[in-house]
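>>> Pasting the sequence and the predicted coordinates here, then a few questions.
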Amino acid sequence: MSALEPVTADSEICQIITCLPEKFVVDFANGIDVARDHLRVQKGRDGFYARCYDGFTGQGAKRQAEINACVLDGVEASLDWLIELTESLANSNLAIARVNDRVNNLKLDVARIADYSVSTRRTLEALAGRLDARCGVLGQEIRRIDFVQRVQLNLDQVFNKWRAGRYSSFSLGGRCYVALEELRWGAFGDYCRTQSGKQRQTFLEDMVNRATAQLVEDTGNSASARMDTRHWLSAPVGRGVLADAADALAYMGKGFDGDDKPFICAVTQVSSKWPRDLPRISSAERVTKAMASEVFESYAYA
Amino acid sequence: MLEEMKVGLVLSGGGAKGAYQVGVLKALLELGARVDMVAGASIGALNGAVLASAPSLEIGVERLENLWMTMAADSPISMKMPGYLTLLCATGLQINGSAAFGMLGKVAQLAARRAGIPLHLELLKQLSSGVLCDKPLKLLMDEYLDFAGLARGLPLYVSVFESTDGFSDLTSVLSAELGLGNSPSSKFFHVQSLPVAEQKEALLASAAIPLMFASREIEGSMYSDGGQGGWSNVQGNTPITPLLEAGCNLVMVTHLTDGSLWSRHDFPDAKILEIRPQSSIARNTGFFGGAADLLGFDSTKIPSWIDQGYQDAQHAVGRVMKPLAARAALRTSEAALQKSESQNAFADLSLKAAISRLH
């Protein structure tokens, strides 16, 4: 007898026992026990008289026929079950094939998505690069505009001060020098030092024009009207003139060489001897341009 | 549409080996099996009657176990008399007085001697008069053979053999045993359909060993032990026919002999689960060993039969149910696969649409 696991009330079997079982399965499984019972008895009836009795009564043949029938049932059930299992296995294989096809399709779709993702990433990276560059350009442009704006403000501020009479304590040439020096130390000066090209030249031209216009306004003459140089260098007198204006100019012009910067030296330093290259008569335009070329070395006047 | 399950139980005859059926029923109860109707022959008819008249399968099994364990317990009667005869007398059968001193009595005496138990024919005579009837057993039988309960209980069929006279009956059985034809088929009575007065007669007739017990009259004919009918193909002793005719689509058949020549193949359309002894059910050997087992000379063997029936039923049901469980699992997995695949089309379509939107 084959060893079978004991069946308990909790067994799954007990849940199934309430369902109607299939006949061929019952015949198949139960037939084993039936055949075993007959075989056991058959085996025990091997004595002479028992064999004679079984042969005479036909019980031996009947028992053998019953065993054969059970075996046949088992073989038939095995065949049925094998066919059924094979069909089920075929269905399972087909299902697996379908799953495999679907997995392959899914892989292709995933690959497509991955390709798309890579392409999208590259596009995004390129876009990001372009955006960065564009932002950089825009930033530079903004900084440049800001710079230009500050230069413009610097120019306006300085010449407004001049126009408002804040430099009235200085000589005419001194006013021009102070204004240009103030521009050199401000945003205007920064711009001229760091930038080059047309815009810088335009600013310098604008500066010269504004200074010329202001000197024209201060002298009451035309821009090209020549005057004695002393007229340009003589300090104003009277109430409202700052006492230390001359000292301030001298401080600002300290260290300049008269040969190299004759107008600056003449304006800032009180000396009985003028620099050799200083013209003895000058127009407002001449003074402004000369002063601009000395303060802003990059400015070349014709 | 699922076929409604109707389970029949065949309790075959076999005298004192009927204790085996108690073990079978215990196992079936534990396994949660249902029983819708019962058919029995001889001791199977008595066991079936106790089971069918009980309010539930559980109580029926409990009563049967109690009854058989009472029989197994030593009592002054059981020490001297075969247990099965004591049970039959307790049920109401009376020893055929003339036979007690006749040929059958002598056979019984020989069988008892082989089993090592002295049998005094005088005792048989006294048993027939009820003097030596085992009172505790009789009380139990009076209680458990509840015909009012039987009317409400499971349909019960019993196998009976239409008797001409004891010797003729035995002659036809002997001829069938020797392969010289077959004994006439047994008849099956639906006990609950009989008039109340004849219900007990039918039970007693089914268990009335020819010559030893007088045949019983039912519907104007005389009947004795149902196991005699259709002897060569065990038709009467294994009353499956009434259950199949009553519409049972699964029948559990218990056998009380080693290598019973009853054939499931005589019922090609029926679903039959046979519970056969997987080791020898015989407890006595030799020429009269069968008679000794039948009459139950040694009541101490009863618990071993109960245990064997329990083991064999567990084994037989387990052997059938395991492949059924496997097939059920296969069906479930196939259904799950089919259901899962039915959702593929929608998923494929959704993915295809999504992928097509990428381009």
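Thanks, I have the structure now. Bear in mind the structure is a predicted one, so any value in this text is a computation, not a measurement.
>>> Quick one: mean pLDDT for stretch B:222-231?
For stretch B:222-231, mean pLDDT rounds to 92.
>>> Quick check: end-to-end length of it?
19 Å (CA to CA, to the nearest Å).
>>> Run a quick check on A:Pro279 versus A:Arg230, I expect a contact.
No - counting by CB atoms under 8 Å, A:Pro279 does not reach A:Arg230; the two are 11.9 Å apart. Just so you know, the C-beta spots here come from the backbone N, C-alpha and C atoms, and that holds for glycine as well.
>>> which one of the two has more residues nearby?
A:Pro279 (16 against 12; other CB atoms under 10 Å in any protein chain shown).
>>> Need the three-state assignment for that one.
coil (DSSP: H, G, I helix; E, B strand; the rest coil).
>>> could you point out the longest helix in the chain?
All of this refers to chain A. What stands out as the longest helix in chain A, according to DSSP state H, is helix A:59-163.
>>> meant chain B, my bad for not saying
Chain B, longest helix under DSSP H: helix B:302-342.
>>> So which elements touch the helix or strand that comes right after that one?
Moving toward the C-terminus from helix B:302-342, the next helix or strand (DSSP states H and E) is helix B:344-358. Using 3 or more CB pairs under 8 Å, 6 or more residues apart in numbering or on different chains; DSSP states H and E as the contact criterion, the elements in contact with helix B:344-358 are helix A:59-163.
>>> The closest residue to A:Lys261 other than its chain neighbours: neighbouring residues, count only.
In space, A:Lys261 comes closest to A:Glu294 once its chain neighbours are excluded; the distance is 4.4 Å by CB to CB, 6 or more residues apart in numbering or on different chains. Look at A:Glu294: counted by other CB under 10 Å, it has 19 neighbours.
>>> if I pick A:Glu294, what's in contact with it?
Listed by CB atoms under 8 Å, 6 or more residues apart in numbering or on different chains, the contact set of A:Glu294 reads A:260-264.
>>> do the same with A:Glu285
A:212, A:223-224.
>>> Got the confidence number for the residue in the stretch 201-302 of chain A positioned nearest to chain B?
Nearest to chain B in the stretch 201-302 of chain A, going by CB to the nearest CB, is A:Thr202, at a distance of 54.1 Å. pLDDT, A:Thr202: 92.
>>> Name the helix or strand for it, please.
helix A:198-219.
>>> what's next to the helix or strand that that helix is followed by, contact-wise?
Past helix A:198-219, further along toward the C-terminus, the next helix or strand under DSSP H and E is strand A:226-228. Outside of strand A:226-228, the residues within contact range by CB under 8 Å, 6+ apart are A:219, A:221, A:280-283, A:286.
>>> so what strands line up beside strand A:226-228?
Strand A:226-228 has the following sheet partners, assigned by DSSP bridges: strand A:281-283 (antiparallel).
>>> So what's the gap between the partner strand and the chain middle?
Offset of strand A:281-283 from its chain centre (CA atoms, centre = their mean, to the nearest Å): 61 Å.
>>> How about stretch B:294-311?
The answer for stretch B:294-311 is 14 Å, by CA atoms, centre = their mean.
>>> Mind listing what's buried along that stretch?
Buried residues in stretch B:294-311, defined by neighbour count with 16 or more other CB atoms under 10 Å in any protein chain shown: B:294-299, B:301-303, B:305-306, B:308-311.
>>> near chain A, anything from that stretch?
No - figure legend: stretch B:294-311 not in contact with chain A (CB under 8 Å from any CB of the partner chain); closest approach 9.2 Å.
>>> Low-confidence regions, the stretch 151-300 of chain A specifically.
For the stretch 151-300 of chain A, the stretches with pLDDT under 70 are A:298-300.
>>> Mind doing that once more with 90?
Applying pLDDT under 90 to the stretch 151-300 of chain A flags the ranges A:194-199, A:229-230, A:234-246, A:249-250, A:252-261, A:269-280, A:296-300.
>>> Share the number of residues neighbouring the residue of the stretch 201-302 of chain A closest to chain B, please.
So A:Thr202, with other CB under 10 Å, has 10 neighbours.
>>> got it, and A:Asp115?
11.
>>> What distance do you get for it to chain B?
Applying CB to the nearest CB, to the nearest Å, the value for A:Asp115 to chain B is 9 Å.
>>> quick one: the helix holding A:Thr202 to helix A:59-163, angle?
With axes from the mean of the first three to the mean of the last three CA atoms, to 10 degrees as the basis, helix A:198-219 and helix A:59-163 are set at 30 degrees to each other.
>>> lowest-pLDDT helix or strand in chain B?
helix B:97-100 (a mean of 52; mean pLDDT, DSSP states H and E).
>>> Tell me which residues of the helix holding A:Thr202 come out buried.
Buried-residue list, helix A:198-219, by 16+ other CB under 10 Å: A:200, A:203-204, A:207-208, A:210-212, A:214-216, A:218-219.
>>> circling back: centre of the chain to the strand or helix carrying the residue nearest to A:Lys261, how far?
A:Glu294 is part of helix A:284-295 when elements are defined by DSSP H and E. Chain-centre distance of helix A:284-295: 51 Å, with CA atoms, centre = their mean.
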